[in-house]
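S.K.: A structural model of the following input is requested.
(one chain, ligands or ions: 1)
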Amino acid sequence: MSLLRAVRDVFFFLPRPPENGVRWRLFEFYKRIVGFHRRFNTFWARVYTVVGLILLASLFNTVPFGIIRAGIALGFLIFAELLVVAWYSNLQTRTVDWFRTTLRLMTKKGIEKRPLPPAMKVVAEKMGKDITEVWIMDGLDNAFSLPVWRVVVFGRPLFERLSENALKAVFAHELAHIRGRHNLLQILPWLILWAQLVLWRSLPLQMLVIAGFAFYLLASIPVSWMSELLADRKAASLVGAGAMIEALETLCPNEMRTLTETHPSPSGRIKRLRIGSVPRGLFAIWIAAWLIGSYALVFLTVGS
Ligand SMILES: [Zn+2]
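M.R.: The predicted model follows:
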């Protein structure tokens, strides 16, 4: 597929495996240094790297000149190299997957539109959504929602593997994303980033761009996780926590402990469903505190 190759070529500036370049050797060394962390894995490698970059960028701002400032700049450069390796496979696969899925949605190739099964219709009605069909996509072992078209897309293998109860739970979870307008929550990391960039305004431009990218990556994690927990919560209230737990266990049985930037680990989500979900109000308070706090910091710093 030529478009896919074109997308990959856009990323040509990223170093390619075989993993024998200086960057990868540096990363191996870094992994050994932080390897004491019991749960150190690719996710934490990415998080540590962006946290390192953010700290170094902030420190650079506080040191006026001299050898320490040069040292911090060097540290920043090293962490920027680490960031490339830590995020390499993640960014590449995610971008390629995103383009592949978008392309198929546009061409409607390998997509079957089915009338909504009665069990799901009940869920849609309870959510107050007038939905009549569900899309089944070949070769995708996942489910996602398209908020603009108000459509839930299931991967065919997943759709065939899940029990009726688990299907209802996944459907309810995806509808909860649409109904709760969770895509709008993604504005939050941008607002926080904006405040941070004001604080970092005296950084050299290259540093500002790299640190800003790292900051956005980090700030988007809690927001994405929060929308997942909110959707789980809504789904559990409609179809029961048991069905949602069953769905999560069937969805990715070999990756129960895998954390990603977009989703908490399935085992964590199950634990949350068992002990009862976080009240929505707490999330709202946390968002408000984060937003107000970051802008207050800007006003205090810029004003003084
Ligand atoms: Zn979700």
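
S.K.: helix, strand, or coil at the residue most central in space within the chain?
M.R.: Central residue check for the chain by Cα atoms, centre = their mean: the C-alpha nearest the mean position is that of Thr262, 2.4 Å away. Using DSSP: H, G, I helix; E, B strand; the rest coil, the structure places Thr262 in coil.

S.K.: can you check what pLDDT the model gives it?
M.R.: pLDDT recorded at Thr262 is 87.

S.K.: can you report phi and psi for it?
M.R.: Thr262 has phi and psi values of phi -100, psi -20 when expressed as degrees, to the nearest 10.

S.K.: out of everything not next to it in sequence, what's closest to it?
M.R.: Using Cβ to Cβ, 6 or more residues apart in numbering and skipping residues adjacent in sequence, the residue nearest Thr262 is Ser224, 4.7 Å away. Yep, even glycine has a C-beta here, placed from its N, CA and C like the rest.

S.K.: helix or strand for the one you found, which one?
M.R.: Secondary structure here is read from DSSP states H and E; on that basis Ser224 sits in helix 205-239.

S.K.: average pLDDT across that helix?
M.R.: Averaging the model's pLDDT scores along helix 205-239 yields 93.

S.K.: by contact count, what packs against it?
M.R.: In this structure, helix 205-239 makes packing contacts with helix 42-62, helix 67-107, helix 118-126, helix 164-179, helix 187-199, helix 241-251, helix 266-275, helix 280-303, judged by 3 or more Cβ pairs under 8 Å, 6 or more residues apart in numbering; DSSP states H and E.

S.K.: distance of His177 from Arg233?
M.R.: From His177 over to Arg233 the distance is 12 Å, taken as Cβ to Cβ, to the nearest Å.

S.K.: what does the stretch 201-304 of the chain have sitting close to the ion?
M.R.: Residues of the stretch 201-304 of the chain lying close to the ion by Cβ under 5 Å from the ion are Glu228, Ala231.

S.K.: what about the stretch 1-150 of the chain, any weak spots by pLDDT?
M.R.: Low-confidence regions of the stretch 1-150 of the chain, defined here as pLDDT under 70, cover residues 1-20, 36-40.

S.K.: circling back to that earlier point, give me the number of residues near the residue nearest to Thr262?
M.R.: Number of residues near Ser224 (other Cβ atoms under 10 Å) recorded here: 18.

S.K.: which residues does it contact?
M.R.: Each residue near Ser224 by Cβ atoms under 8 Å, 6 or more residues apart in numbering is listed here: Gln186, Glu261, Thr262, His263.

S.K.: and this protein, what are its domain boundaries?
M.R.: 1-109, 165-304 (automatic domain parsing).

S.K.: pick the most deeply packed of those domains.
M.R.: A comparison of the domains of the chain by mean neighbour count, using mean count of other Cβ atoms under 10 Å, puts domain 165-304 on top with a mean of 17.

S.K.: chain center to that domain, what's the gap?
M.R.: Averaging C-alpha coordinates over domain 165-304 and over its chain gives two centres that are 8 Å apart (Cα atoms, centre = their mean, to the nearest Å).

S.K.: torsion angles phi and psi at Gly110?
M.R.: Per degrees, to the nearest 10, the residue geometry at Gly110, taken as phi and psi, is phi 70, psi 20.

S.K.: count of residues packed around the closest residue to it other than its chain neighbours?
M.R.: Using Cβ to Cβ, 6+ apart and skipping residues adjacent in sequence, the residue nearest Gly110 is Asp138, 3.8 Å away. Residue neighbour count, defined by other Cβ under 10 Å, stands at 12 for Asp138.

S.K.: tell me the contacts of Ser294?
M.R.: Ile192, Ala195, Gln196.

S.K.: closest one to Leu229 out of these, please.
M.R.: Closest approach to Leu229 among those (Cβ to Cβ): Ile192, at 19.0 Å.

S.K.: how near is the closest one to Gly293?
M.R.: In this structure, Ile192 and Gly293 are separated by 9 Å, where distance is defined by Cβ to Cβ.

S.K.: how about TSV for the domains of the chain, with distance to Pro115 added?
M.R.: Written out in TSV, the entries for the domains of the chain read as follows (distance: least, Cβ to Cβ, whole Å):
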stretch	distance to Pro115
domain 1-109	17
domain 165-304	14
